[in-house]
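> Coordinates only, no sequence provided:
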């Protein structure tokens, strides 16, 4: 699916309106959270945030960061 989206001013921010087919594909509705991440090809990826899955991933990431803090600090140099 390829959908062209237009940026629109919403208060002091910019936003996009997702058409119904995009909402259906993402399986989201009003009030749900979307996650924008870097894609391997240099673009971005938009996915629905599944609260349980996201919480599990964050807990795992925090555990890895805590255990490998020194290694990650050295790699960041």
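Looks like it arrived, so ask away. Everything quoted here is computed from the prediction, not taken from an experiment.
> Helices of this structure, residue ranges please.
20-26, 51-67, 69-75 (DSSP state H).
> So for the longest one, mean pLDDT?
The predicted model assigns helix 51-67 a mean pLDDT of 85.
> Show me what the helix or strand bottoming out on mean pLDDT in the chain is packed against.
Least confident helix or strand of the chain, by mean pLDDT, DSSP states H and E, is helix 51-67 with a mean of 85. Where contact means 3 or more C-beta pairs under 8 Å, 6 or more residues apart in numbering; DSSP states H and E, helix 51-67 is not packed against any helix or strand. The way it works is simple: take the backbone N, C-alpha and C, and place the C-beta from them, glycine included.
> Buried residues, stretch 16-26. List them.
Neighbour counts over stretch 16-26 (16 or more other C-beta atoms under 10 Å) mark residue 18 as buried.
> From the chain's centre, how far out is it? Work that out for me.
Relative to the chain's own centre, stretch 16-26 is displaced by 15 Å; criterion: C-alpha atoms, centre = their mean, to the nearest Å.
> any idea of the mean pLDDT in that stretch?
The average pLDDT for stretch 16-26 rounds to 93.
> What lies in contact with it?
1, 3, 5, 6, 7, 8, 29, 34, 46, 47, 48 (C-beta atoms under 8 Å, 6 or more residues apart in numbering).
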